[in-house]
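In: this one's structure only:
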């Protein structure tokens, strides 16, 4: 438990080099230099711990850390030897990008896998992207991938950072079970052949309806950039190009929405194969 | 065509009362007082015109209005008698909430319908919400509704403003074909009975799988607030409560994602009834 005495003696100030380093983690450059990122709130810290993320420091603001669950969590991690930094309310609020951080944050080590070392574990699918501009969209995609039992994210190239605070926030903590891989197109082609994945791309102009495909084989969904969609080069990589039909005025769906609809199609087909209780609408 | 002479004589300054009024439209209070809202970019203005939205003024910045299609559009509207205000680049950039406004904006009259006057036109469904906190989520929902041929949005109460700039932006222009209704719960209950709509709510705790329902009847999807979902009161209004299955760590889906998945289920069932060419995956 955090006592009043301890609280007043160990508060770390805004000017502390450590706090400055944490603040700088909102910059991609700093995240990449250090391999760290910052998370906030009970849900995120609990999810990180549950999935054995490597936590460098917990950062707490005793004044705001009022939730008994959060207090217990901090107490347990202290006992396990995780460094806990206590900061004042103004410092916590400066660090925070959310309205209610619950007085709890953590500096966490990023986890990256090399595709060559990734063994499929019977997951539903992977999501591969080259560029997703909006951190919120990427976070929502990760949340959807987790919801359907997807394996994680394959990033083609360097343009997108899944550890962006906006992405992390939009995952609602669902990022920690997901695996992150950075890879080249060539590696993906090699890996998918080796493990017999089918690479499926979506485009509003594809002639094949996404529901006319049987997603029996393990799938990698290849997702294009928000405005331009999949480049010709990425489309050429795909085994299948499908479209999600639209009848309205829009010429495209939001990328996270389209990915969710695709993920649920794959998921629904797969669970119909395994759940004998499942009744088709008649 | 916009000539150099005209350009230099008619530029309206930042301090102009009219420009100040347009700027204030980012405030909900001002939008409600005036019944107007502001849109930016070629796509939005073209969509608004296509759907006969009432445009009060076009606002252009000749320096930025370089696209021939945008220039033609402005020229045509001028001929039709729509007032066109020319502003300097700094003024346009101050008005703008997007990176690239294409030198074109418009002040548009909001359109609201009274539910009692709304006649179903065989649309796939309606989306009803009480509170959606994130303007982006609401805009994405409108975009999805348009994509599947949904009728529009029924707002229960006063909490949510679909004319928020963040909402408008996220629709990518797909809001203009959608109909907007503000209504009480009692009116919705009355209207749905009269027109034989089925009111379907989603909740992660509902026992009925969303895919086990046959959405033959016209549907109103009732969507809950982002964090808390549907209140007990709103759940009690529903004819059916369904859940979207999840296997991951998340306890819920993003609200726009869940709505998209629901909308596509209704849409897919409906198009299977009508498209004889549709092959079920086997």
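Out: Done, it's in. These numbers were taken from a predicted model, which means no experiment stands behind them.

In: tell me the contacts of residue A:247?
Out: Counting by CB atoms under 8 Å, 6 or more residues apart in numbering or on different chains, residue A:247 touches B:147-149, B:267. In short, each C-beta sits where N, CA and C put it, glycine included.

In: any idea whether it is helix, strand or coil?
Out: coil (DSSP: H, G, I helix; E, B strand; the rest coil).

In: look up how far residue B:177 lies from it.
Out: Counting by CB to CB, to the nearest Å, the gap from residue A:247 to residue B:177 is 10 Å.

In: now residue A:98
Out: In terms of CB to CB, residue A:98 sits 35 Å off from residue B:177.

In: so for the two, which residue has more residues nearby?
Out: residue B:177 (19 against 12; other CB atoms under 10 Å in any protein chain shown).

In: in three-state terms, label residue A:187 for me.
Out: helix.

In: if I look at the closest residue to it other than its chain neighbours, how far off is residue A:140?
Out: Among residues not flanking residue A:187 along the chain, residue A:115 sits closest, at 5.1 Å (CB to CB, 6 or more residues apart in numbering or on different chains). Separation of residue A:115 from residue A:140 (CB to CB): 24 Å.

In: these two: who's more crowded?
Out: residue A:140 (30 against 16).

In: any idea which helix or strand carries that one?
Out: Here residue A:140, judged by DSSP states H and E, is contained in helix A:135-147.

In: circling back to that earlier point, is it true that the residue nearest to residue A:187 touches residue A:179?
Out: No - contact criterion CB atoms under 8 Å: residue A:115 and residue A:179 do not qualify, at 10.1 Å.

In: could you list the residues in contact with the next helix or strand after the helix holding residue A:140?
Out: Later in the chain than helix A:135-147, the nearest helix or strand by DSSP H and E is strand A:152-156. For strand A:152-156, contacts defined as CB under 8 Å, 6+ apart pick out A:115, A:126-130, A:141-142, A:145, A:162, A:178-185, A:188, A:220, A:234.

In: and the angle from strand A:152-156 to helix A:135-147?
Out: 140 degrees (axes from the mean of the first three to the mean of the last three CA atoms, to 10 degrees).

In: each with direction, which strands does strand A:152-156 pair with?
Out: Using DSSP bridges, strand A:152-156 pairs in its sheet with strand A:125-129 (parallel), strand A:179-183 (parallel).

In: and residue A:225, its phi and psi?
Out: phi -60, psi 150 (degrees, to the nearest 10).

In: same check, this time on residue A:105
Out: phi -140, psi 170.

In: which residues sit in contact with it?
Out: Per CB under 8 Å, 6+ apart, neighbours of residue A:105: A:22, A:38-41, A:45, A:58-60, A:92, A:95-96.

In: go back to the residues you listed and keep what's next to chain B.
Out: Contacts with chain B within the contacts of residue A:105, as defined by CB under 8 Å from any CB of the partner chain: none are present.

In: which of those residues fall in strands?
Out: Those of the contacts of residue A:105 mapping onto strands are A:38-40, A:58-60, per DSSP state E.

In: which one of these is nearest chain B?
Out: residue A:39 (14.5 Å; CB to the nearest CB).

In: does that closest one touch residue A:164 like I think?
Out: No - Residue A:39 is beyond contact range of residue A:164, at 12.0 Å (criterion: CB under 8 Å).

In: higher neighbour count, the two?
Out: residue A:39 (27 against 19).

In: which residues of the stretch 151-282 of chain A fall in strands?
Out: Using DSSP state E, counting those that start in this stretch, the strands of the stretch 151-282 of chain A run over A:152-156, A:179-183, A:198-202, A:208-209, A:219-223, A:240-243.

In: nearest to residue A:88, out of those strands?
Out: Residue A:88 sits nearest to strand A:179-183 of all the strands of the stretch 151-282 of chain A, at 33.7 Å, using CB to CB.

In: good, wrapping up.
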